[in-house]
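Pasting the sequence and the predicted model now:
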Amino acid sequence: MPVAALIVAAGHGTRATGETLVPKQYWPLGDVPMLTRSIAAFAGHAGVGDIAVVIHPDDAARYDAAARPFGERLLAAVAGGARRQESVRAGLEALAATAPSSVLIHDAARPFVDAGLIGRVLHSLDAHDGALPCLPVTDTLKRGDAGRVAGTVDRRDLWRAQTPQGFRFDKILAAHRAAAQDATLDFTDDAAVAEWFGLDVALVEGSEMNEKLTTREDIAAADEVLRAREGRREDTLRVATGYDVHALGSGDAVMLCGVRIPHSKKLIGHSDADVGLHALTDALLGTIAEGDIGSHFPPSDERWRGADSEIFLKHADAMLKARGGEIVHVDLSLLCEAPRIGPHRDAMRARIAGMLGIDVDQVSIKATTNEGLGFIGRGEGIAALATATVRLP
């Protein structure tokens, strides 16, 4: 099974927010909630499969708003405990049903984790039970006593731990279960649980950008930097194409652009074989250079057998929007001898517009035959060519 990601967002710390304000993980950074940015980093990584988020039970409505761009990409939210250690264990127990090979455990308050860091942690898991991203301590460290300097601490071999911390799933789950048996144990991160349990945890290079936002000043500074950066950049238009083809087999209807059309045959594929939505998904992924549909929803994964292709299109749309992107226009050309597309064109445009949250006049659908030539002309299959134009900051 692919690697799972577990994002811990159950805290109600008061250093940043005070007693009565919104928890910091839901604060906006450049108009995007901190938690949304954290989820986007993992949702957009080809090496990550299932994603679960641990939340405070009182934050369900806030979480739904922050997670809305990702749709079916996320598993059901998990209710956290009173301590971080309890919240992580609850998340691991929830993930156990999907039996991932490894898990990345990440703090929602580190919204600037990047793909390179995630990749380094994943790579280290090939040879170790766990992987801890960290940075060397560069400041001089002092020991204090009653308000006075009592000594200088040797900073050699000292590291600042970050997340995501990666582990072989079965081993970190066993470690957390064992730690839960002793109520006196209170670990502040999962590498400490793994160390206590005797697991082999490697150090990997962290990232200076991957700082934890703890105080109100941290969050304000990060928001200012983001707004300044986005204010300096002019919007960029990107155009990308997608292509898909599926064979026709015995059946009674075809799925095209989210519309079921009665027909003497059906399209054959691992999912519902909707060539229109598949091509458009690839086009959207192309605008943000995120591979193709197969890298995000591999046909070898049984979860996607017979799946509604709307899931795939909304996933690509969520990745685009998480980067501040906006769809300007999409265009689809369907190549088939039958069924006739004209009577269903408006319904298709409306379905796609609804999936992407855009106006119908931003969706174009055309159709043509192959003049009896080739496999399309012989009625053996249907192909689709899509073009997406998006605006990115």
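Done, it's in.

spatially speaking, which residue is in the middle of the protein?
In the chain, the residue lying closest to the centroid (C-alpha atoms, centre = their mean) is Ala43, at 1.1 Å.

residues in contact with that one?
Ile51, Phe70, Arg73, Leu74, His315, Ala318, Met319, Ala322 (C-beta atoms under 8 Å, 6 or more residues apart in numbering). In short, each C-beta sits where N, CA and C put it, glycine included.

Before we move on, what's the pLDDT of it?
You'll see Ala43 listed with a pLDDT of 87.

That one and Leu158: what is the separation?
34 Å (C-beta to C-beta, to the nearest Å).

pretty sure Lys24 contacts Ile219?
Yes: counting by C-beta atoms under 8 Å, Lys24 touches Ile219, with 6.2 Å between them.

the more surrounded of the two?
A side-by-side neighbour count of Lys24 and Ile219, using other C-beta atoms under 10 Å, places Lys24 first with 24 against 20.

From the contact counts, what lies against the helix ranked longest in the chain?
In the chain, with assignment by DSSP state H, the single longest helix is helix 216-232. If contacts are counted by 3 or more C-beta pairs under 8 Å, 6 or more residues apart in numbering; DSSP states H and E, helix 216-232 sits against strand 28-29.

avg pLDDT for whichever helix or strand comes after the strand it packs on?
Downstream of strand 28-29, the next assigned helix or strand under DSSP states H and E is strand 32-33. Mean pLDDT, strand 32-33: 88.

go on, stretch 128-138?
Stretch 128-138 comes out at a mean pLDDT of 94.

Would you map the helices across this structure?
Using DSSP H, helices in the chain cover 34-43, 60-67, 84-95, 115-124, 169-179, 190-197, 216-232, 275-287, 293-296, 310-322, 345-356, 374-377.

ok, and which of those has the densest surroundings?
helix 275-287 (a mean of 27; mean count of other C-beta atoms under 10 Å).

now that helix, how far from the chain's geometric center?
18 Å (C-alpha atoms, centre = their mean, to the nearest Å).

Kindly report the same for stretch 71-79.
On C-alpha atoms, centre = their mean, the centre of stretch 71-79 falls 11 Å from that of its chain.

Quick one: end-to-end distance for that stretch.
19 Å (C-alpha to C-alpha, to the nearest Å).

Not counting it itself, show me its contacts.
Outside stretch 71-79, the residues that reach it (C-beta under 8 Å, 6+ apart) are 10, 39, 43, 50-57, 60, 63, 67, 87, 90-91, 94-95, 98, 311, 314-315, 318.

Dump the C-alpha coordinates for the longest helix of the chain into CSV.
In CSV, the C-alpha atoms belonging to helix 216-232 read as follows (Å, rounded to 0.1, in the frame of the first residue of the first chain):
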residue,chain,number,x,y,z
ARG,A,216,0.9,35.2,17.3
GLU,A,217,4.1,37.0,16.1
ASP,A,218,5.2,33.9,14.1
ILE,A,219,1.8,33.8,12.3
ALA,A,220,1.8,37.5,11.6
ALA,A,221,5.3,37.5,10.2
ALA,A,222,4.5,34.5,7.9
ASP,A,223,1.4,36.1,6.7
GLU,A,224,3.2,39.3,5.9
VAL,A,225,5.9,37.5,4.0
LEU,A,226,3.3,35.6,2.0
ARG,A,227,1.3,38.7,1.1
ALA,A,228,4.4,40.6,0.1
ARG,A,229,5.6,37.7,-2.1
GLU,A,230,2.2,37.3,-3.8
GLY,A,231,1.9,41.0,-4.2
ARG,A,232,5.2,41.2,-6.1
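
and that helix with helix 34-43, angle?
Helix 216-232 and helix 34-43 are oriented at 60 degrees to each other (axes from the mean of the first three to the mean of the last three C-alpha atoms, to 10 degrees).

Does Leu35 touch Pro28 like I think?
No: judged on C-beta under 8 Å, Leu35 makes no contact with Pro28 at a distance of 10.4 Å.

Quick check: the closest residue to Met209 other than its chain neighbours vs Leu6, distance?
Among residues not flanking Met209 along the chain, Phe112 sits closest, at 4.6 Å (C-beta to C-beta, 6 or more residues apart in numbering). Noted for Phe112: a distance of 18 Å to Leu6, by C-beta to C-beta.
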